[in-house]
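Peer 1: sequence plus the predicted model coming up.
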Amino acid sequence: MSHVLAVLEQRDGALRKVSHEVVTGARRLADALGGEVHALVMGRGAVQGADASGRYGADKVITATNAGFGHYAPEGYARATSERAKAGGYGAVVFAASAQGKDLAPRVAAQLGVGLAADVTDVAVDGGKVTVTRPVYAGKALLRVKVNATPAVVSLRPNVFTPVERPKAGTGETVAIAGDAGRVVVKGIKASAGGSLDVAEAPIVVSGGRGLKEPANFKLLEELAQAFGGKAAVGASRAVVDAGWRPHGDQVGQTGKTVSPSLYVAVGISGAIQHLAGMRTAKVIVAINKDKDAPIFKVADYGIVGDLFDVVPKLTAEIKKLHG
Amino acid sequence: MKIAVCIKRVADSETRVKIAADGKSLDEAGVKFILNPYDEFAVEEALQRKEQAGSGEVVVIACGPQSAQETIRTALAMGADRGVLLEAAVPADGLTVARALAAELKDGGYDLILFGKMAIDDYNHQVGPMTAELLGLPCVTSVAHLDLADGKGAAEREVEGGMEEVEFPLPAVLTTDKGLNEPRYPALKGIMAAKKKPLETKPAALGTAGLEILAMTPPPERKAGRIVGEGAAAVPELIKVLREEAKVL
Amino acid sequence: MGEQGVGSGERFVPARHQPPLPLDRLILKPGAEGAGDHMELDVLFVGAGPAGLAGAIALARLAKQDGTELNIGVLEKAEALGEHSLSGAVVNPRALRELFPDLKDADFPFRRPVEKEAVYVLTAGGRIRLPTPPTMQNHGCYVASICEIVRWLGQQAEALGVNVFTGFPAAALLTDGNRVTGVRTAASGLGRDGQPLGSYMAPNDLSAKVTALSEGTRGLLTQAWLEWQQVGSENPQIFALGVKEIWETKRPLDRVIHTLGWPLPRDAFGGSFCYPLESNLIALGIVVGLDYGDAALDIHVLLQQLKGHALFRPYLEGGEMVEWGAKTIPEGGYYALPARRSGDGVVLLGDAAGFVDVPSLKGIHYAIQSGMYAARAMFPALKAGDVSATRLAEYDRLVNASYIASDLHRTRNMRLAFRDGFYSGGLKAGLMTVTGGRFPGGKIVMHQDADAERRVNGAEPFTPDGKLTFSKVDAVFKSGNTTRDTVPSHLVAVPDVPAAVARFYSHVCPAGVYEEVDGQLRINVPNCVDCKATDVLGPRWTPREGGSGPKYKRM
């Protein structure tokens, strides 16, 4: 019987949503190991929303505070986490493979003297040992790895462990962490220069091809992207970038960027292999094209056969309604 | 300025992945190996910092098979001064690599130790910060912008929604991200000079830190998609499936 | 109606729309500005193919045996060895055996010996098996990948201390009087408008006592030197374009196959090949002479059609195309060889010199052999401090006395016989074989490919299915081409190309570089896989920055 330590994240005193994914993953492991999930969040003081962790399966929620913590303090957080992990004799320690998690998890694993199974897309327990699945070679292969050490330190790829409600007590406690926050001092976060999201980072990408007929028509896609409320970027096929309609930074595929958004909408793009290679790891692909035989439909999860000049404005209007 | 750069030999990103007969690793037949692209930023940064300081040494260290010598030569051709190969089959476990590197780096008196933020083959993102822990040095990961002055450093690293600003003392371990600099291509003279630069090979016994590869498999086939309808009239249905079935809206 | 408005049913001559070789850019006099770095070598081989690498290996060995130190360099425009090399290939091992007398055939980078072979004439619906012509008998030869041969030769060369520089295309010859004194490499890091970007690297000058031009088919500097020094040949060099794919197949293949006939039109010379690298890994391609008459002929499309034939389809069904590529092949044979392949400070090797035997489809062993002869001529010349044309003419003497010359002489009219079409050509070729080359006696005159007239026709639409057949855009992806999209154009075209000629280019180029859009020629520069078909029939090819172009792995 082993408990699992779930390491959560906060920013500006509020719990980050990825934390629910961490609890969900930890809960899955704890159920298989026959133990509890103890959620740990670190910060300067109380963290708003931390108590919600009970809803996703945390038996206990521990807020560890230190005046020097801010939204992140690499050395202080690492020490606090590994000390708690050692003291609690946990069977597993789970992080998100977020920007912070990628920084923190290796430090903790090294301090605990164990390996780190990073950026995993699945966790299970097999013969009492934690086993994970992780993508390698840019998702071209999957590795199944068994973690023989204790605790098993694991980080979860974001947007994969969809939070599942598994209500548990979620009893809260607060502990003060002694000592200083460490030599590496996080001063703050500079918000991204306002405006366009990069196609490689945006959770939603709306891409256009030659079917748009002229550069000015990309306005339709810009409006669609805006309707998603700042979460979407406009991409372009190589054909239109070559023709000079869109800047090279927007190109998806074939020496342009490889994107992996949750939603990829291909508008007026036929689906040449080189474009497909750029967006093949998108979670959901939607294609809009007037040619029902266009190769893109073979790759898309959902498609609309029709004139994009009719479909896209209608889609924009409907998405706007959704986002209010 | 004395700088160490830890590099890795990786399969080119265009590699068509074929699984080897052992069911656990990449079939290397015909695979092109290169210097890990994120490590190029680290090598470039080291070269620039040494050039700015006016004097110093840039040492590149790789942990890998014999063939990693070629990768070290690439870094030497870019301008690094000498190389060290810790010869070992590359293991599953980042911590064991970190241990071997830490042992090699320990008494080197380095002002800076640089790594690429991750390797494009395993996406592990861990050897740099683990090595720092073992050396007891401050560490900042995924550095996209760097200022150094008076024994201190200020870095920017990308986080969700913005750039995190971090300060740290030297000596330190940094892992580098895209955008930090533009790596130089080796010049013809550099390629020739690289052959004469010292490259030491030491055997490294890596052991294990608990991670065991059970299997490598191809990714699941994407399920066949469907056309939800024709024309603008199909839009409401599309939104419905995106919300309820695909759960992306 | 003049050439300007070429319409359907009209004819045009491609040569009228081709710019001349830009000699002023290719031949640099002493003091020519623009180079960044300067390096001095004893011998420089331009092109790390079988000829260049074999030459470097042979030369390094001669130096070692003699206790002399020679600084030998090999320049290669591809990012890594083999990435721009493409061939069938079925290789005659004799040259490698001579170069490496201590090794056995099993040590060479061959895939498998040729056991069974078959030759067919195809029709749209069927095939007729022919007895294998004597010129094509491949027993004793090996199926191989030229990429693997080149990588292996590269290792041998580096082990001997040869400096192999990949990612450095040679863009011009350095000269002094009539002497070739070295080479200038291409600049890199230029933007689409030719302006230097942050990654700009200036050209390098490499000076060498002898420059060996082993550039392969339609070598740019080779052409420039021949024109500059007015070295002619009895017939102009002519070319075929080969388009090739490698397939991983579910059904094993145990024999080497060659075909003639369908889908080539009657006035086109060529055929197809299908070689098993492994029983489930096959190389399949089509080779067509570039003097065909129909302006709409598309060799890539012919290959796609070929795959649907009942002879090939069963092997490919359920399989996967893993690589695609294209390259031209010099087909002029004996009479197209330059009158001399040596000069002051320079020698010409391999395909660049035209050492290819068309009827047997062989060139690799000639390339290797020519490299060895070049080394044998260069070494004493270097020791004597005399690398003049007179001294280096020893290379020509060695080649002329060798099987390279006698082989090419025997088949000297074979390809040329087909100038008048398939059946009359077949008859003549048969007679040539039977008479050991003595028929028809005299030389058959050939013209340059670009001088052959083309008929404008509508092209038949071709719809790839994405499983067995592929569009050019998808094919280029499989060549491993990841040339950056902002690279400046390396293709030199005349202004105002008529629409019909633009359409012709779009069919000639297997990589989809050219398109005719609204009557204008549009050039998609990054697609180029350096096959050189464009240089033969259309806009001139010049090198891009190092590492551009395809990345062949096992072609």
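Peer 2: Happy to help now that I have it. Numbers count the residues shown, from 1 in each chain, chains lettered A, B, ... in the order given.
Peer 1: show me where the chain dips below the pLDDT cut-off.
Peer 2: I went with chain A, as the question did not name one. Low-confidence segments of chain A, defined by pLDDT under 70, are located at A:192-196, A:254-258, A:273-277, A:280, A:324.
Peer 1: hmm, no, I was thinking of chain C.
Peer 2: Counting by pLDDT under 70, the ranges of chain C that qualify are C:1-8, C:134-136, C:416-444.
Peer 1: how about the helices in the stretch 201-324 of chain A?
Peer 2: A:218-227, A:238-242, A:273-279, A:296-299, A:308-323 (DSSP state H, counting those that start in this stretch).
Peer 1: may I have the phi/psi pair for residue 122?
Peer 2: Let's take chain A. Note on A:Asp122: its backbone torsions stand at phi -160, psi 140 [degrees, to the nearest 10].
Peer 1: if you could check chain B rather than the one you did, that'd help
Peer 2: phi -100, psi -10.
Peer 1: quick one: it from A:Val145, how far?
Peer 2: 11 Å (C-beta to C-beta, to the nearest Å). C-beta coordinates here come from the backbone N, C-alpha and C atoms, glycine included.
Peer 1: distance between stretch C:139-159 and the chain's centre?
Peer 2: 17 Å (C-alpha atoms, centre = their mean, to the nearest Å).
Peer 1: hmm, stretch A:128-142 in reach of chain C?
Peer 2: No: remark: stretch A:128-142 sits outside contact range of chain C, by C-beta under 8 Å from any C-beta of the partner chain, the gap being at least 13.8 Å.
Peer 1: ditto for stretch A:303-314
Peer 2: No: counting by C-beta under 8 Å from any C-beta, chain C has no neighbours in stretch A:303-314; the shortest distance is 15.8 Å.
Peer 1: make sure C:His38 is indeed in a strand.
Peer 2: Yes: counting by DSSP: H, G, I helix; E, B strand; the rest coil, C:His38 is located in a strand.
Peer 1: for the nearest residue to it once chain neighbours are set aside, list the residues it contacts.
Peer 2: Nearest non-adjacent residue to C:His38, counting by C-beta to C-beta, 6 or more residues apart in numbering or on different chains: C:Asp205, 4.9 Å away. By C-beta atoms under 8 Å, 6 or more residues apart in numbering or on different chains, the residues touching C:Asp205 are C:Ala35, C:Asp37, C:His38, C:Met39, C:Leu174, C:Gly182, C:Val183, C:Arg184, C:Thr185.
Peer 1: model confidence for the residue lying closest to B:Leu199 once chain neighbours are set aside, exactly?
Peer 2: Computed as C-beta to C-beta, 6+ apart, the closest residue to B:Leu199 that is not its neighbour in sequence is B:Gly83, at 4.4 Å. Looking at B:Gly83, its pLDDT stands at 98.
Peer 1: so for chain B, which of the helices of the stretch 201-324 of chain A sits nearest?
Peer 2: Closest approach to chain B among the helices of the stretch 201-324 of chain A is made by helix A:308-323 (4.0 Å; C-beta to the nearest C-beta).
Peer 1: could you give the angle of the closest one to helix A:218-227?
Peer 2: Relative orientation of helix A:308-323 versus helix A:218-227 (axes from the mean of the first three to the mean of the last three C-alpha atoms, to 10 degrees): 20 degrees.
Peer 1: returning to that earlier point: from the contacts of C:Asp205, list the buried ones, please.
Peer 2: C:Ala35, C:Met39, C:Leu174, C:Gly182, C:Val183, C:Arg184, C:Thr185 (16 or more other C-beta atoms under 10 Å in any protein chain shown).
Peer 1: ok, the residue nearest the centre of chain A - contacts?
Peer 2: Residue closest to the average C-alpha location in chain A (C-alpha atoms, centre = their mean): A:Pro158, at 2.7 Å. Contact analysis of A:Pro158 by C-beta under 8 Å, 6+ apart lists A:Val18, A:Glu21, A:Ala96, A:Ala97, A:Ser98.
Peer 1: ok, how many other residues are close to the first one?
Peer 2: It stands for A:Val18. 21 (other C-beta atoms under 10 Å in any protein chain shown).
Peer 1: hmm, A:Ala96 and it touching each other?
Peer 2: Yes: A:Val18 lies in contact with A:Ala96 (C-beta atoms under 8 Å); the separation is 4.5 Å.
Peer 1: find residues that contact each of those two.
Peer 2: A:Glu9, A:Pro158.
Peer 1: what about the residue nearest to C:His38, distance to chain A?
Peer 2: Going from C:Asp205 to chain A by C-beta to the nearest C-beta, to the nearest Å gives 30 Å.
Peer 1: state the helix or strand in which that residue lies.
Peer 2: strand C:204-213 (DSSP states H and E).
Peer 1: tell me the helix or strand right after that strand.
Peer 2: Downstream of strand C:204-213, the next assigned helix or strand under DSSP H and E is helix C:220-228.
Peer 1: tell me what that next one is packed against?
Peer 2: Identification of packing neighbours for helix C:220-228 by 3 or more C-beta pairs under 8 Å, 6 or more residues apart in numbering or on different chains; DSSP states H and E yields helix C:23-26, strand C:27-28, strand C:170-176, strand C:204-213, strand C:346-348.
Peer 1: possible to save the ones you listed as TSV with distance to A:Ala181?
Peer 2: Below are these laid out as TSV (distance: least, C-beta to C-beta, whole Å):
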stretch	distance to A:Ala181
helix C:23-26	63
strand C:27-28	63
strand C:170-176	57
strand C:204-213	52
strand C:346-348	69
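Peer 1: tell me which parts of the stretch 251-400 of chain C are close to chain B?
Peer 2: Residues of the stretch 251-400 of chain C lying near chain B (C-beta under 8 Å from any C-beta): C:Val322.
Peer 1: and the average pLDDT for the longest strand along chain B is what?
Peer 2: Longest strand in chain B, counting residues (DSSP state E): strand B:139-149. Averaged across strand B:139-149, the pLDDT comes to 95.
Peer 1: list the buried residues for that strand?
Peer 2: Neighbour count says strand B:139-149 has B:Cys139, B:Val140, B:Thr141, B:Ser142, B:Val143, B:Ala144, B:Leu146, B:Leu148 buried, by 16+ other C-beta under 10 Å.
Peer 1: for these, which one is nearest chain A?
Peer 2: Nearest member of the buried residues of strand B:139-149 to chain A, counting by C-beta to the nearest C-beta, is B:Thr141, at 4.6 Å.
Peer 1: what sits against that closest one?
Peer 2: Contacts of B:Thr141 (C-beta under 8 Å, 6+ apart): A:Lys102, A:Asp103, B:Lys117, B:His125, B:Gly128, B:Pro129, B:Arg157, B:Leu174, B:Thr175.
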